[in-house]
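**Q** I would like to see how this sequence folds:
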Amino acid sequence: MVLSNRTMSGTFDDHATAQTTHHQGEIRYIGSREQGETVVTTHPGGQRLAPERSLRIARHSPSGFAVGYRGSGPAQLALAVLLDYTDNAALAREHYQTFKDEVVSQLEYGADGTWTLTDADIEHVLPDDVAPTA
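**A** Presented below is the predicted three-dimensional model:
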């Protein structure tokens, strides 16, 4: 899977309205850095994605999320995103390592200091019959 468009980050304002040049799906998550910490915002809705729920399943990185390599921070982010997206702990647990390896480890911060994940990025690693939670 080539992620060339995934590093072309969208822009967003303080009202958490995402705009993007992605052609591969709707933006679901936007990541940025605040005081050295990876912060992830869900879209639509603009809620901050917290690691606590995913930490109850696997404690890879209690200190937070990360992207761009195959370590503990990306593993925690992959699990948190799949858990949030599917609202299914068993499904998230089954697929998050693949999601980390194929998608999260390939994310890079763009020139605007953000990265994005689309529904197509996420659904790439999920079974065909899985739909996101509303």
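**Q** so how many other residues sit close to G113?
**A** For G113, the tally of surrounding residues (other CB atoms under 10 Å) stands at 12. The C-beta positions use only the backbone N, C-alpha and C, and glycine is treated the same way.
**Q** let's verify the nearest residue to it once chain neighbours are set aside: helix, strand, or coil?
**A** Nearest non-adjacent residue to G113, counting by CB to CB, 6 or more residues apart in numbering: S32, 5.8 Å away. When the structure is reduced to helix, strand and coil (DSSP: H, G, I helix; E, B strand; the rest coil), S32 reads as strand.
**Q** quick check, S32 in contact with G110.
**A** No - distance between S32 and G110: 10.1 Å, which falls outside the contact criterion (CB atoms under 8 Å).
**Q** shared neighbours of these two, anything?
**A** In the contact map built from CB atoms under 8 Å, 6 or more residues apart in numbering, no residue is linked to both S32 and G110.
**Q** please, which helix or strand holds the closest residue in space to L55 that isn't next to it in sequence?
**A** What sits nearest to L55 in space, not counting adjacent residues and going by CB to CB, 6+ apart, is P62, at 6.2 Å. With elements taken from DSSP states H and E, nothing contains P62; it lies in neither a helix nor a strand.
**Q** quick one on the thing from earlier: beta-bridge partners for the residue nearest to G113, please?
**A** For S32, the residues forming beta bridges with it (DSSP bridges) are V39, T114.
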